[in-house]
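Visitor: my questions concern the predicted model and sequence given below.
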Amino acid sequence: MTIKAALAGIAVFHLEDSLVWYERLLGRPPDRRPMATVAEWHFAGGGGLQIFEDSERGGTSSVTLVDTDIDERMDELKKQGISIRSTSNLAIARICIIGDPDGNQIVFAESNNRHRAVA
């Protein structure tokens, strides 16, 4: 048995409200709506992001999205009016952390190419 991919999940309080925000953040509508309370985006480099409605766990998720240009990402976030919680320049990666309207944490990471842990 071999794991072929990963799908990161984010619990939100109201899917339809969150869809508007995530579509703006990701620049497109979801690739799939496998259930009425689930939306999925798939990425060219592999993996995907799933948001799902869960009134008990909404706002408690954290996900890291690997990006190719953190400076460009931060400029785009500012243009969209999305507040940046924090940024870091670590040995392995540069990161930018934001929160969605429900309080979930979204980390954008760009590899510093000195290590291979963040591809």
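Guide: Yep, it's here.
Visitor: would you map the helices across the chain?
Guide: 15-26, 70-79 (DSSP state H).
Visitor: how near is P30 to S86?
Guide: 27 Å (CB to CB, to the nearest Å). No exception for glycine: its C-beta is placed from N, CA and C like everyone else's.
Visitor: so between these two, which is more surrounded?
Guide: With neighbours defined as other CB atoms under 10 Å, P30 and S86 compare such that P30 has more, 19 against 9.
Visitor: give the contact list for the more buried one.
Guide: L19, Y22, E23, A39, E40, W41 (CB atoms under 8 Å, 6 or more residues apart in numbering).
Visitor: what's the closest of the helices of the chain to Q50?
Guide: helix 15-26 (10.3 Å; CB to CB).
Visitor: for the closest one, packing partners?
Guide: Applying 3 or more CB pairs under 8 Å, 6 or more residues apart in numbering; DSSP states H and E, one finds that helix 15-26 makes contact with strand 38-42, strand 48-53.
Visitor: how about those strands in CSV, adding distance to A11, mean neighbour count and mean pLDDT?
Guide: Output for the helices and strands packed on helix 15-26, formatted as CSV (distance: least, CB to CB, whole Å; neighbours: other CB atoms under 10 Å; pLDDT from 0 to 100):
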stretch, distance to A11, mean neighbour count, mean pLDDT
strand 38-42, 11, 19, 98
strand 48-53, 6, 20, 97
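Visitor: of those strands, which is nearest F13?
Guide: strand 48-53 (7.2 Å).
Visitor: given that closest one, what are its sheet partners and their directions?
Guide: Sheet pairing of strand 48-53 (DSSP bridges) gives strand 7-12 (parallel), strand 38-42 (antiparallel).
Visitor: using PDB, write out every CA atom in stretch 2-15.
Guide: The C-alpha trace of stretch 2-15 is given here as PDB (Å, rounded to 0.1, in the frame of the first residue of the first chain):
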ATOM      1  CA  THR A   2       1.400   3.400  -1.000                       C
ATOM      2  CA  ILE A   3       0.100   6.900  -0.200                       C
ATOM      3  CA  LYS A   4      -0.100   8.800  -3.500                       C
ATOM      4  CA  ALA A   5      -1.100  12.300  -2.400                       C
ATOM      5  CA  ALA A   6      -2.300  14.500   0.400                       C
ATOM      6  CA  LEU A   7      -5.400  16.700   0.700                       C
ATOM      7  CA  ALA A   8      -5.200  19.300   3.500                       C
ATOM      8  CA  GLY A   9      -8.500  20.000   5.200                       C
ATOM      9  CA  ILE A  10      -9.700  23.300   6.700                       C
ATOM     10  CA  ALA A  11     -12.900  23.300   8.900                       C
ATOM     11  CA  VAL A  12     -15.100  26.300   8.400                       C
ATOM     12  CA  PHE A  13     -18.300  27.400  10.000                       C
ATOM     13  CA  HIS A  14     -20.400  28.200   6.800                       C
ATOM     14  CA  LEU A  15     -19.100  26.700   3.600                       C
END
